[in-house]
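Participant: From the sequence below, what's the structure:
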Amino acid sequence: MKKTHKIVTKMMKTDALSQWLGIEVIESKEGYCQLKMSVRPEMCNGFGIIHGGVTFSLADSALAFASNAHGGLSVALECSISYPNPVNVGDTLFAEATEVNLSNKIGIYTIPVTNQNGVLVGAFKGTVYRTSKNWEI
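Facilitator: Numbering: from 1, shown residues only. Model prediction:
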């Protein structure tokens, strides 16, 4: 088993929110991660559409897995998201984290979130702080 896969697997074992969301890892490697999630009724807000925090959390998990897959412990420093289209119950969401820049202390990632039809429902940008700690696998 590759070190990258071991890190993501270890993270998922203790990530109760990602587990509750039903997130599935499609692919992970250093600086990249693609996730999948199905939208359930209990994820909706008072308007009957998915709560923005759910879309944010999916993208944030992709950010965490992509940035930590390098082997060093990374934590979110700054994140933002825009919601260009609504998400409905029954939709399947995909988040694809791609590393844009990496330095000794900072990593920058873009994470588009799309639905099953390829429609952009979340435009997420995340910056992580790369600590001096390493994952023990």
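Participant: Pull up the gap between residue 31 and residue 100, please.
Facilitator: Plainly put, residue 31 is 9 Å away from residue 100 if you go by C-beta to C-beta, to the nearest Å. In short, each C-beta sits where N, CA and C put it, glycine included.
Participant: okay, those two: which has more neighbours?
Facilitator: residue 31 (18 against 12; other C-beta atoms under 10 Å).
Participant: hang on, isn't that one packed against residue 98?
Facilitator: Yes - counting by C-beta atoms under 8 Å, residue 31 touches residue 98, with 7.3 Å between them.
Participant: buried residues in the helix or strand encompassing residue 33?
Facilitator: Per DSSP states H and E, residue 33 falls inside strand 32-38. Buried residues in strand 32-38, counted by 16 or more other C-beta atoms under 10 Å: 32, 33, 34, 35, 37.
Participant: Quick one: residues contacting the first one.
Facilitator: So the one you mean is residue 32. 66, 69, 96, 97, 98, 99 (C-beta atoms under 8 Å, 6 or more residues apart in numbering).
Participant: So for the residue nearest the centre of the chain, what pLDDT did the model give?
Facilitator: The residue lying closest to the centre of the chain (C-alpha atoms, centre = their mean) is residue 62, at 2.0 Å. Residue 62 carries a pLDDT value of 98.
Participant: can you check residue 4 too?
Facilitator: Per the predicted model, pLDDT is 84 at residue 4.
Participant: likewise the one 10 residues further on?
Facilitator: Per-residue pLDDT puts residue 14 at 94.
Participant: Can you give me the neighbour number for it?
Facilitator: With other C-beta under 10 Å as criterion, residue 14 counts 8.
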